[in-house]
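Trainee: Quick one: sequence plus predicted model below, questions after.
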Amino acid sequence: MTSRAPLLARLDSPRVLGYLLITPAAIILLGLLAYPLLLGIWLSLTTATIGKTGEFVGLQNYATIFADPIFRGAALFSVFYTVCAEFGKLLLGLTLALLLNQRFRGYRISRALMLLPWVAPTVLSALAWLWLLDPQFSALSWLLIRLHLIHSNIDFLGSGWGARFSLIVVNIWRGLPYFAIGYLAGLQGISKDLYEAAAIDGADGWQAFRRITWPLLLPITTILVAFSSIFTLTDFQLIWTITHGGPTDATQVFTTLAYQRAISGGQLGEGAAIAVSPIVFMVILAYFVVRSVREK
Amino acid sequence: MHPDRRKFLQLSAAGIGAGALAGGLPTLASAADSPFKPEKGASLQLLRWTAFVPSDQTIWDENTKKFSAATGVPVSIQSLSWNDMGPKGALAAQVGSGPDIIMGWNDDPFVYPDKLVDMTDLVDNMGRAHGGWYDNARSYCYDQDVKRWVSLPVGCTGNALNYRKSWVKEAGYAEFPKDLDGMLKLARVLKKNGHPPGFALGHAVGDANSWTHWILWAYGGKQANPDNSIAINSAETVNALEYARQLSETFIDGVAGWDDSSNNKAFAGGKIGMTMNGISIWYNGKKDTPEIFPDFANVTPPMGPVKTPTVSNNFTSAFIFKYSKYPNAAKEYLRFMLDKPQAERWVTEMKGYVTPALKAYADLPIWTSDPNITPYRDALAHAKYDGYNGKPGKAAAQALDEFVIVDMFADVCVNKMTAKDAAKKAEGKLQTIYKRA
């Protein structure tokens, strides 16, 4: 038996081969995820402006933004927007999934249509909503007037709270399919035997849902809520297209304010601090979500 | 709002054969006399805003072909929606790569002046040849920090008051009032007659900034003093806000949610009787709503207590990045495009969409060919600048980006804040912005 080349022999070691195989993925992750994140954190600690590297100033940018009422407003609305939208998406997504889990005529086409809001380009759907929410030419207002439910057009975007709730509704509409499809997959993984056994024991529909469906959907709920919260907290396109952060900064969120300060205003350091700060919120959010699910 | 359209036009060297276009010979002579000699083998990339009126793009492209024919320098032109120009310019400045020339807006060049080629020689050359520049040109293109011209003034998409003639007549006015008090009275009657005015109070970059600055300046309000100390919290500002509050009571519902396209749609749809906009609202009416177009009219915005017109426009200028390998070719291209044989046709065919920053072009017959175009000729003569009466630059640019003046008006007109509190709140915001800039 001839001895194998030393290189090939080394590759036989699971440790060496393992590291070798994950190297491309690690390079991609470091280059595409870690580098921008670290650069963002570094910029947030400097006075960088567009075209200038700036000087290291420690946490000064963070002190500045936390003293800024516009940032505090944006942070509060970001959290409010995320919590409301996630709650709405969870509730409606689960309801939709329970309905689509039934076999009825056209259930396949219904499942495909459900995905439309999610697959449509965000900017296009935002523009469509902008039209639906238009104070003068809203199709929604037109319909409600025709149905004699209102007498004049609704001013969806003309007040702070009106604009905030309108954006939450649009976000729920857009993110609903993500929850519904996730829950649908979860529901189809639950054995029918469990429901049959429950029925024999005399459980009604609500009891079956509480004792079987919901507990078995909890793991997927954790994943859906965690990922969707991150998408929602970093939402930019919907808000920027529909309100530009207005009226009077009522709908500013982390991303729109960071864009305004860093790109339009050229203050990269301060903009980076605004962009990095939601990481804290995300960690807090993730902690509460995971803890609440575990407790249950 | 304009959809994010991209149009890429490659005018390659093959297009040089188009030199037989009308005016070719004088153009060649003009190019030969120029002090800006294109570098050997030069080629240029221009990024400009998507034309609001089709003839702008058509004539600009034709003139570019003439330039390529005269100099042998191919120019590729890329167009972007106007409100995407700022971020695109910032990106080019940050990464040190991109188009040689950008035609941007307002204070864009002040965000990264160190990255831009000194344009002083070109500005002097053009000013001498074409009757000098309006004051607004210096405000938006001369950087007082780096003490040089960082951009070549092109002009502005001017603003005027747009109204429906028959409805103003119905309200009992033979002509549009010349002062703000008269306009308020008219607005009240228009509202009563079911034709309310509509002025944007949302984060509409062009439309909300234009009318709020006009009212602020008309009352003598100022964002800052020449030394950049904040001057917004003043009796003049409070008076302007009180006027705006009364005027806003006549507005159509929903203006706080308006973007830059809303007033155009509402005016063309017959929902409002008065607004403020660029000439496109009138120009597009001819094509889109021919049945009511004859009733559209434009007028210079009425004056306030300062007794002089005060107009806020969107100013456009062209700047060359230092990373460009062909700065002389770029300067010659801009000189050529704004030189008389080319610019006269460009401005004329656009029917006043861009008011040139060079005074010589105010004499073009197009400006008096229709009384509705004439107010746009005077847009620059009556203009002030963002951040007036402070130092134009980064701080003013950031204040505009953050809608400080617009939000101050919205606080009073929409959020029902007192004028004094709104002025004080704006003062706080401006102090933060001016300190960090």
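Mentor: On my side now, so go ahead.
Trainee: Which helix or strand contains A:Leu94?
Mentor: helix A:69-100 (DSSP states H and E).
Trainee: Report the buried residues of the next helix or strand after that helix.
Mentor: In the C-terminal direction, the helix or strand that comes right after helix A:69-100 (DSSP H and E) is helix A:107-114. For helix A:107-114, burial by neighbour count (16 or more other Cβ atoms under 10 Å in any protein chain shown) applies to A:111, A:114. Just so you know, the C-beta spots here come from the backbone N, C-alpha and C atoms, and that holds for glycine as well.
Trainee: wait, what's in contact with B:Glu402?
Mentor: Residues counted as contacts of B:Glu402 (Cβ atoms under 8 Å, 6 or more residues apart in numbering or on different chains) are A:70, A:260-261, A:265, B:429, B:433.
Trainee: between those, which has the most around it?
Mentor: Using other Cβ atoms under 10 Å in any protein chain shown as the neighbour criterion, A:Arg261 leads these with 29 neighbours.
Trainee: looking at this, that residue is in a helix?
Mentor: Yes: applying DSSP: H, G, I helix; E, B strand; the rest coil, one finds A:Arg261 inside a helix.
Trainee: Might one say that it is in contact with A:Glu270?
Mentor: Yes: counting by Cβ atoms under 8 Å, A:Arg261 does reach A:Glu270; the two are 5.2 Å apart.
Trainee: pLDDT below threshold where in the stretch 151-296 of chain A?
Mentor: A:285, A:288-289, A:292-296 (pLDDT under 70).
Trainee: who touches the closest residue to chain B within it in this structure?
Mentor: Nearest residue of the stretch 151-296 of chain A to chain B (Cβ to the nearest Cβ) works out as A:Leu157 at 2.8 Å. Applying Cβ under 8 Å, 6+ apart to A:Leu157 gives the contacts A:133, A:135, A:163, A:166, A:242-243, A:247, B:202, B:254, B:256-257.
Trainee: repeat that with 10 Å
Mentor: By Cβ atoms under 10 Å, 6 or more residues apart in numbering or on different chains, A:Leu157 lies in contact with A:130, A:133-135, A:138, A:163-164, A:166-167, A:242-243, A:246-247, A:250-251, B:202, B:254, B:256-259, B:262.
Trainee: could the contacts of B:Glu402 go into JSON lines alongside distance to B:Lys191?
Mentor: Listed next are the contacts of B:Glu402 as JSON lines, based on distance: Cβ to Cβ, whole Å:
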{"residue": "A:Ile70", "distance to B:Lys191": "33"}
{"residue": "A:Gln260", "distance to B:Lys191": "34"}
{"residue": "A:Arg261", "distance to B:Lys191": "38"}
{"residue": "A:Gly265", "distance to B:Lys191": "37"}
{"residue": "B:Lys429", "distance to B:Lys191": "31"}
{"residue": "B:Ile433", "distance to B:Lys191": "35"}
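Trainee: mind checking which helix or strand the residue nearest the centre of chain A is in?
Mentor: Residue closest to the mean C-alpha point of chain A, counted by Cα atoms, centre = their mean, is A:Phe231 at 2.3 Å. With secondary structure defined by DSSP H and E, A:Phe231 is part of helix A:214-233.
Trainee: Just want the angle from that helix to helix A:69-100.
Mentor: 140 degrees (axes from the mean of the first three to the mean of the last three Cα atoms, to 10 degrees).
Trainee: What are the buried residues along stretch B:410-420?
Mentor: B:410-415, B:417, B:419.
Trainee: Averaged pLDDT, it. What do you get?
Mentor: The average of the pLDDT scores along stretch B:410-420 is 96.
Trainee: got it, and stretch B:206-217?
Mentor: On average, stretch B:206-217 scores 97.
Trainee: Could you do stretch B:90-101 as well?
Mentor: On average, stretch B:90-101 scores 94.
Trainee: count of neighbours near the closest residue to chain A within the stretch 201-350 of chain B?
Mentor: Here the stretch 201-350 of chain B gets closest to chain A at one residue, B:Gly254, 2.2 Å apart by Cβ to the nearest Cβ. B:Gly254 has 27 neighbouring residues, counting by other Cβ under 10 Å.
Trainee: Using the three-state scheme, assign the closest residue to it other than its chain neighbours.
Mentor: Leaving aside its sequence neighbours, B:Gly254 sits nearest to A:Pro135 (Cβ to Cβ, 6 or more residues apart in numbering or on different chains; 2.2 Å). Judged by three-state DSSP, the three-state class of A:Pro135 is coil.
Trainee: got the contact list for A:Pro135?
Mentor: Counting by Cβ under 10 Å, 6+ apart, the residues that A:Pro135 touches are A:141, A:153-158, A:162, B:198, B:202, B:252-258, B:262, B:266, B:271.
Trainee: hmm, 6 Å instead?
Mentor: A:153, A:155, A:158, B:253-254, B:257 (Cβ atoms under 6 Å, 6 or more residues apart in numbering or on different chains).
Trainee: ditto for B:Asp411
Mentor: Taking Cβ under 6 Å, 6+ apart as the definition, contacts of B:Asp411 comprise A:248, B:417, B:422.
Trainee: Please repeat the previous calculation with a cut-off of 7 Å.
Mentor: A:248, B:417, B:422, B:425 (Cβ atoms under 7 Å, 6 or more residues apart in numbering or on different chains).
Trainee: Could you say which helix or strand holds it?
Mentor: Per DSSP H and E: helix B:404-413 holds B:Asp411.
Trainee: Over to B:Leu241?
Mentor: helix B:235-248.
Trainee: Tell me the buried residues in that helix?
Mentor: Quick answer for helix B:235-248 (16+ other Cβ under 10 Å): B:236-241, B:243-245, B:247-248.
Trainee: What of stretch B:77-93?
Mentor: Neighbour-count burial for stretch B:77-93 [16+ other Cβ under 10 Å]: B:77-80, B:82-83, B:85-86, B:88-90, B:92-93.
Trainee: What is the end-to-end distance of it?
Mentor: 18 Å (Cα to Cα, to the nearest Å).
Trainee: Can you tell me which of the buried residues of stretch B:77-93 comes closest to B:Arg345?
Mentor: B:Ile77 (17.2 Å; Cβ to Cβ).
Trainee: Thought B:Asn63 was touching that closest one, still the case?
Mentor: No: using Cβ atoms under 7 Å as the test, B:Ile77 is too far from B:Asn63 to be in contact (10.9 Å).
Trainee: now what about stretch B:110-129, what contacts it?
Mentor: Under Cβ under 7 Å, 6+ apart, the answer for stretch B:110-129 is A:50-51, A:266, B:35, B:90, B:93, B:109, B:133, B:143, B:145-146, B:148-152, B:319-322, B:327, B:331, B:334-335, B:338, B:358, B:392-394, B:397.
Trainee: Select only the buried ones of the residues you listed in PyMOL?
Mentor: Of these, the buried ones go into a single PyMOL selection, burial set by 16+ other Cβ under 10 Å:
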select buried, (chain A and resi 50+51+266) or (chain B and resi 90+93+109+133+143+148+149+150+151+152+319+320+321+327+331+334+335+338+358+392+393+394+397)
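Trainee: excluding its backbone neighbours, what's nearest A:Trp161?
Mentor: A:Trp161 sits nearest to A:Ala250 (Cβ to Cβ, 6+ apart), 7.6 Å away.
Trainee: Please give me every residue in contact with the one you found.
Mentor: Neighbours of A:Ala250 in contact, by Cβ under 7 Å, 6+ apart: A:160, A:163-164.
Trainee: run the last query once more with 10 Å
Mentor: So A:Ala250 contacts A:73-74, A:77, A:157, A:159-164, A:167, A:243, B:203, B:256, B:407, B:410, B:414-415 (Cβ under 10 Å, 6+ apart).
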